[in-house]
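Asker: Need the 3D shape of this:
(one chain, ligands or ions: 1)
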Amino acid sequence: MERMNIAILGCGTVGGGVARIILDMNNELNNRANATIQLKKIVELSPKTAAKRFDIPMEYFCGNGNDLSKNEASAYITKLIADPDIDLIVETIGGKGDFVHQTCIDIVKAGKHLVTANKALLAERGSDIFNMADKKEVKIGFEAAVCGAIPIIKTIKENLTGDKILSISGIMNGTSNYILSQMQNENLEFDTALKLAQESGYAEADPTLDINGGDAGHKLILLIKLAYGIDVSMDDLSMIGIQDIKKEDIEFAKEIDAKIKLICYAKKVNGDIYATVRPMMVKNSNFLSNVNGATNAVRLNNKYSGIHILVGKGAGSSETAMSIVSDIVFIARYGKKISNTAQKQERNFADARQFVFPYIITFHTADMPGTTGFITTAIGKQNINIDTVSHNRHNDDKALFSVATMPSTLEKIESAIEEIKRERPGMLLSEPKIMPILY
Ligand code: HSE
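Answerer: Here you go, the predicted model:
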């Protein structure tokens, strides 16, 4: 049987889970891999804490059991990367800084396979790591980087190779979905729901990337690379978070039988790829509208096999660790036959402003006769067909209403808003909020 000796860098929530699973079900893993998978060493700054938390014998940890300084940990990492006895390294340090970036390059450069959950690193600085891995003919497993336990990477990379993926839509960030679900179901404002998410252990102390769409964007970039063979940068991805969603937006969604979700969306139209991360009003008839709490879901619409929806845990220790362990088994079993990413394709990454969707626009205005008429006329002048205009909510001398359109480009809607601002300065009391409606 082939040998697959493992080292783990970082024994926190995910790395500790990986060690635990390997130790728990080693025989089954060996049978499934047709290889001898052995956990050899772990580098961790606080080995005693990790050993206790995950019930891992101390002999697996580098050092004498005492806490390591960063320099000491770094020296052990260098030693493991150079060690011919190690075949695969699990990187669960996290972050996209120079140290972890260089560590991953060094791992593959040394001819060792790399398995990681590090979406930010692979999405933003992954190219040279993938290039080096291809050059050295080693494999990178990153199933855990997108939606934790959901096997979306292998589904796209291995299971749908006989199909064309027409579109991807998904709820890929559990924290933001938890917040939106709380706002929807408990009638909370954003700040209260965020606080609740933090108290319940869903959101990080710094939840910026969860709520501004960054974390979801990293995941979408990785899926686009696999499904469509193009590299997209975070700067190019059109991304809006959930921080500006208000109770009133939830009310407008209810009025059109929809729920607000932070949606990762990518679609192929001829040779063009459109992609965006933003809050959308998802019609109740779409499965994604009923995915609540911290659950993740990805919906793939395919040319030949139709729609597939994968639903599951997008985070968590054993859940994310399971995906890493599955990658280890996959690499041990198929080794060189695995391709790291899709073949690069000549495709255009199109401007999200040309994306055709039905949209809903909410307007805060001065409460004056002619306002609704002027706004809807400006929209009509862009040749946008209006579906519904909500009733006006009146509040002293202010009004609030929404306009739902038939399919249009975002560019046309923005042109209508520009005209309103130009022709009627002061009519709009805040920037109108524009959300696609997802059927
Ligand atoms: N923080 C993420 C979430 C999980 O809330 O879904 C890791 O990407």
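
Asker: Quick check: the residue with the largest distance to the centre of the chain vs Ala399, distance?
Answerer: Here the centre of the chain is the reference, and by Cα atoms, centre = their mean the most remote residue is Pro369, at 44.5 Å. Using Cβ to Cβ, to the nearest Å, Pro369 is found at 11 Å from Ala399. For glycine as for every other residue, the C-beta is placed from the backbone atoms N, C-alpha and C.

Asker: what do you get for Phe190?
Answerer: Distance, Phe190 to Ala399, by Cβ to Cβ: 22 Å.

Asker: Likewise for Ser339?
Answerer: 56 Å.

Asker: neighbour count winner among the two?
Answerer: Ala399 (19 against 13; other Cβ atoms under 10 Å).

Asker: how many neighbours does Glu199 have?
Answerer: 9.

Asker: Please work out which residues outside the lengthiest helix in the chain touch it.
Answerer: Ranked by number of residues, the top helix in the chain under DSSP state H is helix 317-334. Under the contact criterion Cβ atoms under 8 Å, 6 or more residues apart in numbering, helix 317-334 has outside partners 2, 4, 6, 13-18, 20-22, 29, 32-35, 37, 88, 90, 92, 113, 115-117, 139, 141-144, 148-149, 151, 154, 312-313, 338.

Asker: and Glu44, backbone torsions?
Answerer: phi -150, psi 140 (degrees, to the nearest 10).

Asker: Quick check: it touching Gly10?
Answerer: Yes - using Cβ atoms under 8 Å, Glu44 is in contact with Gly10, at 6.6 Å.

Asker: Those two - which one has more neighbours?
Answerer: For Glu44 versus Gly10, neighbours defined as other Cβ under 10 Å are more numerous around Glu44 (28 against 24).

Asker: who's in contact with the more buried one?
Answerer: With Cβ under 8 Å, 6+ apart, Glu44 has these contacts: Gly10, Cys11, Gly12, Gly15, Ala50, Phe61, Cys62, Leu68, Ala73.

Asker: neighbours of the residue nearest to it when sequence neighbours are not counted, just the number please.
Answerer: Excluding the flanking residues, the one nearest Glu44 by Cβ to Cβ, 6 or more residues apart in numbering is Cys11, at 3.8 Å. By other Cβ under 10 Å, 28 other residues sit near Cys11.

Asker: ditto for Ile242
Answerer: Using other Cβ under 10 Å: Ile242 sits among 26 other residues.

Asker: Kindly report the same for Asp98.
Answerer: Neighbours of Asp98 (other Cβ under 10 Å): 9.

Asker: And this structure, what are its domain boundaries?
Answerer: Segmentation of the chain into domains, based on automatic domain parsing, reads 2-148+318-337, 152-313, 353-438.

Asker: Can you give the distance of the shortest one from its chain's centre?
Answerer: Domain 353-438 sits 30 Å away from the centroid of its parent chain (Cα atoms, centre = their mean, to the nearest Å).

Asker: Give me the mean pLDDT for it.
Answerer: Mean pLDDT, domain 353-438: 97.

Asker: Show me which residues of this structure are close to the ligand?
Answerer: Contacts of the chain with the ligand, taken as Cβ under 6 Å from any ligand atom, map to Asn173, Gly174, Thr175, Asp210, Asp215, Gly314, Ala315.

Asker: is it possible to export the residues you listed to JSON lines including neighbour count, pLDDT and distance to Asp351?
Answerer: Shown next, in JSON lines, are those (neighbours: other Cβ atoms under 10 Å; pLDDT from 0 to 100; distance: Cβ to Cβ, whole Å):
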{"residue": "Asn173", "neighbour count": "30", "pLDDT": "98", "distance to Asp351": "24"}
{"residue": "Gly174", "neighbour count": "25", "pLDDT": "97", "distance to Asp351": "30"}
{"residue": "Thr175", "neighbour count": "24", "pLDDT": "97", "distance to Asp351": "29"}
{"residue": "Asp210", "neighbour count": "25", "pLDDT": "96", "distance to Asp351": "26"}
{"residue": "Asp215", "neighbour count": "26", "pLDDT": "97", "distance to Asp351": "24"}
{"residue": "Gly314", "neighbour count": "28", "pLDDT": "96", "distance to Asp351": "29"}
{"residue": "Ala315", "neighbour count": "20", "pLDDT": "94", "distance to Asp351": "32"}
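
Asker: Now go through these and say which are in helices.
Answerer: Secondary structure defined by DSSP H assigns Gly174, Thr175, Asp210, Asp215 of the residues of the chain next to the ligand to helices.

Asker: For Leu438, give me its contacts.
Answerer: Neighbours of Leu438 in contact, by Cβ under 8 Å, 6+ apart: Ser169, Ala258, Lys261, Ile263, Tyr265, Met280, Met281, Val282, Lys283, Asn286, Leu288, Phe357.

Asker: let's go with 7 Å and repeat that
Answerer: Ser169, Ile263, Met280, Met281, Val282, Lys283, Asn286 (Cβ atoms under 7 Å, 6 or more residues apart in numbering).

Asker: Out of those residues, which sit inside strands?
Answerer: Taking DSSP state E, the ones among these that sit in strands are Ser169, Ile263, Met280, Met281, Val282, Lys283.

Asker: of the contacts of Leu438, closest to the ligand?
Answerer: Ile263 (13.8 Å; Cβ to the nearest ligand atom).

Asker: what's around that closest one, how many residues?
Answerer: With other Cβ under 10 Å as criterion, Ile263 counts 25.

Asker: my read: it touches Met280, true?
Answerer: Yes - shown here, Ile263 and Met280 form a contact pair, counting by Cβ atoms under 7 Å, at 4.4 Å.
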